[in-house]
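> Mind looking at a prediction? Sequence and model below.
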There are 2 protein chains.
Amino acid sequence: MTTLTSYKHFQQRINDYLAAKLDSLTINDPKLLAAMRYGLLSGGKRMRPYLAYITGEALHANLHDIDAISGALECIHAYSLLHDDLPAMDNDDLRRGKPTCHKAFDEASAILAGDALQTLAFDILANHSFSTNNSPSKFPLQVKLIQQLVRASGYQGMCGGQALDLAATDKAIPLSELETLHSLKTGALLQAAVLMPAECSEQVTSEHKKILSEYAQLIGLAYQVQDDIIDLTSTEEQLGKPVGSDLAANKSTYPALLGLQGAQDKAENLLQQALQALARLPYNTQSLADFATFIVQRSH
Amino acid sequence: MTTLTSYKHFQQRINDYLAAKLDSLTINDPKLLAAMRYGLLSGGKRMRPYLAYITGEALHANLHDIDAISGALECIHAYSLLHDDLPAMDNDDLRRGKPTCHKAFDEASAILAGDALQTLAFDILANHSFSTNNSPSKFPLQVKLIQQLVRASGYQGMCGGQALDLAATDKAIPLSELETLHSLKTGALLQAAVLMPAECSEQVTSEHKKILSEYAQLIGLAYQVQDDIIDLTSTEEQLGKPVGSDLAANKSTYPALLGLQGAQDKAENLLQQALQALARLPYNTQSLADFATFIVQRSH
């Protein structure tokens, strides 16, 4: 499969999985379910699921297990978008070219749907029948996956990063703080998208996990640098939201700190390091390499 | 120990546990940690933890395990208060006689601290060393507890109940809908406070769990009926918030549907049913009976 075919294939797979998951829920309040559906199924690049699937493939994990991991990651990502878009946070009216959840519904629904999507992430992991989980001695797998999702998504991860991001608004922060912020806000979940599938593989050593973690950190950072570049160089039509919104919000960005060329050089440098990390793994990591390249070359 | 001594003892125990838990966290943004601390440690009756501890005692569970269960329940309860108090939800300025979190900090901090407290609940369960969890075959315990917390707190439980509550504002709803609303919004978590400790006991049969669940449903409902009564009959000083706020918010209440005397009769009837359920259990359930009585007799 080409990268594009593979990407579309797994996008479809996770969309089907999440749609079926929502269909299976019994929720008394139809508006809550509708807002959860809006947040979870209104497009989205599905980069975290894609990364999880191709990591799972490379490490010979059972993709049925990766469905649950991808689903949980996407629930966390979706909840964070619903909350980050709120007037009290980033105050965004558009997301993926459509009204944000609190615009399409109302603020209370966006808050509650976000809350329920966070719970759903843990629901999925706690209730999935993992194929690598048949014997009692394997049961720690689910607990380990939940531990990793907690670390990546909570105060030590994504949520902590969003707090730093809010604190950094209207304030110039040095490069080192910007990197901490992004390694928490975006990097931690991308890292989980690589490390959680690694838990489902019998072959992966702790040395391999270290290298995978390094790869994930590098592409997480590269993703953010490229995101900042895109915010300046893309069109509103491509972005699905206004261009230059970071600048407008007085947020520190890589182009602001390094210049546009400096930021582009940094993204390229991170890509090369990520590819070097992959080369140290005894697996076919071509799709992971292609994904890293895609991250740095995407224009929206 | 008298009920009051026992209550104070376990209140202190959970306060110490939660304070130590927060002290142990590494959080980059000091404001996020401060808002979490404000939400989690600013008073509160600790009824869910108390119920979990006395259930654990009655069923001869290890109270070290109940620390984690109580801590997780209280994190969920605290997160729900931070979000429910927001202007877009119930718009409350006071909680326990102090400014609500979004008043003391700001809305973004209250949203994020709530999000992080939900994650912390799962963190606590996934990372606690359960004493009943030493052998590999016991590992499902943690997964089971997380499954129960998910069910009680998410769209099938508390969060779904809050959605129904918002939908019912400015609208008269029949008694049956009011009971569904409260059984989700308040009852589900109180039920978890009884059923999660039951998982930590070696002796509890599925029949016992059914009875415990019945007891928890009855006192959950009694709690809400009494809460509605208190909202009408208490003073602002006792309540820590304005009296009659349910009426002011046009919420359906038991006194509104049944009259004050009707609501008082209902609470008493629920209490008697709860006591009868307990009498069918082969444990010393005196403290659970006392707790049920306390719920119906409290005046604030």
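Alright, I've got the coordinates. This is a predicted model, so every value here is computed, not measured.

> how about low-confidence regions in the stretch 1-150 of chain A?
In the predicted model, the stretch 1-150 of chain A carries pLDDT under 70 at residues A:1, A:132-139.

> What parts of it come near chain B?
A:25-29, A:31-33, A:36, A:79, A:83, A:86, A:88-89, A:102, A:106-109, A:111-112, A:114-116, A:118-120, A:122-123, A:126-127, A:136-137, A:139-140, A:142-143, A:146-147, A:150 (Cβ under 8 Å from any Cβ of the partner chain). Backbone N, C-alpha and C define where each C-beta goes, glycine included.

> Please repeat the previous calculation with a cut-off of 7 Å.
A:25-29, A:31-32, A:83, A:86, A:88-89, A:107-108, A:111-112, A:115-116, A:118-120, A:122-123, A:126-127, A:136-137, A:139-140, A:142-143, A:146-147, A:150 (Cβ under 7 Å from any Cβ of the partner chain).

> Filter those down to the buried ones and express that as a ChimeraX selection.
Filtering those down to the buried ones (16 or more other Cβ atoms under 10 Å in any protein chain shown) takes a single ChimeraX command:
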select /A:25,27,28,29,31,32,83,86,88,89,107,108,111,112,115,116,118,119,120,122,123,126,139,140,142,143,146,147,150
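
> So which of the residues of the stretch 1-150 of chain A next to chain B sit within helices?
A:31-32, A:83, A:107-108, A:111-112, A:115-116, A:118-120, A:122-123, A:126-127, A:140, A:142-143, A:146-147, A:150 (DSSP state H).

> Name the residues of the longest helix along chain A that come out as buried.
Longest helix in chain A by number of residues, with DSSP H as the criterion: helix A:206-233. In terms of neighbour count (16+ other Cβ under 10 Å), helix A:206-233 has its buried residues at A:208, A:211-229, A:231-232.

> Please apply the same query to stretch A:176-194.
A:177-194.

> got it, and stretch A:259-269?
In stretch A:259-269, counting by 16+ other Cβ under 10 Å, buried: A:263-264, A:266-267.

> restrict the buried residues of stretch A:176-194 to contacts with chain B.
Answer for these near chain B (Cβ under 7 Å from any Cβ): A:180, A:184.

> From the buried residues of stretch A:176-194, which land in strands?
Members of these lying in strands (criterion: DSSP state E): none.

> what's the pLDDT at A:Tyr155?
Listed pLDDT for A:Tyr155 reads 94.

> Let me see the contact set for it.
B:25, B:27, B:32, B:116, B:119 (Cβ atoms under 7 Å, 6 or more residues apart in numbering or on different chains).

> Kindly report the residues of the stretch 151-300 of chain A close to chain B.
Residues of the stretch 151-300 of chain A lying near chain B (Cβ under 7 Å from any Cβ): A:153-156, A:159-160, A:162-164, A:166-167, A:180, A:184.

> Farthest-apart pair in those residues, please.
A:Ser153 and A:Ala167 (18.9 Å; Cβ to Cβ).

> The two - which one has more neighbours?
A:Ser153 (31 against 19; other Cβ atoms under 10 Å in any protein chain shown).

> where's the nearest residue to the more buried one once chain neighbours are set aside relative to A:Gly154, distance?
Distances taken as Cβ to Cβ, 6 or more residues apart in numbering or on different chains put A:Ile76 closest to A:Ser153, at 4.6 Å, once the chain neighbours are dropped. Counting by Cβ to Cβ, to the nearest Å, the separation of A:Ile76 from A:Gly154 is 10 Å.

> for A:Leu112, same thing?
Distance from A:Leu112 to A:Gly154, by Cβ to Cβ: 19 Å.

> quick one, what contacts the residue most central in space within chain A?
The centroid of chain A falls nearest to A:Arg48 when counting by Cα atoms, centre = their mean (4.3 Å). Counting by Cβ under 7 Å, 6+ apart, A:Arg48 makes contact with A:70, A:73-74, A:77, A:189-190, A:193.

> Likewise for A:Gly157?
A:151, A:184, A:188-189.

> who touches stretch A:207-214?
So stretch A:207-214 is contacted by A:191, A:194-195, A:198, A:277, A:280-281 (Cβ under 7 Å, 6+ apart).

> at 6 Å what do you get?
By Cβ atoms under 6 Å, 6 or more residues apart in numbering or on different chains, the surrounding residues in contact with stretch A:207-214 are A:194, A:198, A:277, A:280-281.

> Which ones among the residues you listed lie within strands?
Using DSSP E, none of the contacts of stretch A:207-214 sit in strands.

> Serialize those to a markdown table and add fields for pLDDT.
Below are these laid out as a markdown table (pLDDT from 0 to 100):
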| residue | pLDDT |
| --- | --- |
| A:Val194 | 97 |
| A:Ala198 | 96 |
| A:Ala277 | 98 |
| A:Arg280 | 97 |
| A:Leu281 | 97 |
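
> which among the residues you listed end up buried?
A:194, A:198, A:277, A:281.

> Make JSON lines from those residues and add distance to A:Gly56 to it.
Listed next are those as JSON lines, based on distance: Cβ to Cβ, whole Å:
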{"residue": "A:Val194", "distance to A:Gly56": "10"}
{"residue": "A:Ala198", "distance to A:Gly56": "9"}
{"residue": "A:Ala277", "distance to A:Gly56": "18"}
{"residue": "A:Leu281", "distance to A:Gly56": "14"}
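
> Show me the two of those residues that sit farthest apart.
So, the buried ones among the contacts of stretch A:207-214 by Cβ to Cβ: farthest apart are A:Ala198 and A:Ala277, at 13.7 Å.

> What separation do you get for A:Asp16 and B:Ala72?
Taking Cβ to Cβ, one finds A:Asp16 at 32 Å from B:Ala72.

> what's in contact with stretch A:67-87?
A:14, A:17-18, A:39-40, A:48-49, A:52, A:90, A:92, A:95, A:100-102, A:110, A:113-114, A:117-118, A:120-121, A:124-125, A:128, A:149, A:153, A:158, A:193, A:196, B:111.

> Would you mind putting the CA coordinates of it into CSV?
What follows is stretch A:67-87, C-alpha atoms only, in CSV (Å, rounded to 0.1, in the frame of the first residue of the first chain):
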residue,chain,number,x,y,z
ASP,A,67,-8.6,-0.3,17.4
ALA,A,68,-9.1,0.2,21.2
ILE,A,69,-5.9,2.1,21.6
SER,A,70,-6.6,4.4,18.6
GLY,A,71,-10.2,4.9,19.8
ALA,A,72,-9.1,5.9,23.3
LEU,A,73,-6.5,8.3,21.9
GLU,A,74,-9.0,9.9,19.6
CYS,A,75,-11.6,10.3,22.4
ILE,A,76,-8.9,12.2,24.4
HIS,A,77,-7.9,14.3,21.5
ALA,A,78,-11.5,15.1,20.7
TYR,A,79,-12.3,16.1,24.3
SER,A,80,-9.3,18.4,24.4
LEU,A,81,-10.5,20.1,21.2
LEU,A,82,-14.0,20.6,22.6
HIS,A,83,-12.6,22.2,25.7
ASP,A,84,-9.7,24.1,24.2
ASP,A,85,-12.1,25.8,21.7
LEU,A,86,-14.4,27.2,24.5
PRO,A,87,-14.7,31.0,24.9
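
> Return the distance of that stretch from the chain's centre.
8 Å (Cα atoms, centre = their mean, to the nearest Å).

> now stretch A:118-137
With Cα atoms, centre = their mean, you get 20 Å for stretch A:118-137.

> immediately after the longest helix of chain A, which helix or strand?
Next helix or strand after helix A:206-233 toward the C-terminus (DSSP states H and E): helix A:236-239.

> chain center to that next one, what's the gap?
With Cα atoms, centre = their mean, you get 20 Å for helix A:236-239.

> so what does that helix touch, helix or strand wise?
The helices and strands touching helix A:236-239, judged by 3 or more Cβ pairs under 6 Å, 6 or more residues apart in numbering or on different chains; DSSP states H and E, number zero.

> Only C-alpha atoms, please: export that helix in CSV.
Only the C-alpha atoms of helix A:236-239 are listed here, as CSV (Å, rounded to 0.1, in the frame of the first residue of the first chain):
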residue,chain,number,x,y,z
GLU,A,236,-8.1,29.8,5.6
GLU,A,237,-9.7,27.3,3.2
GLN,A,238,-6.9,24.8,3.7
LEU,A,239,-6.8,25.3,7.5
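
> Understood, closing this out.
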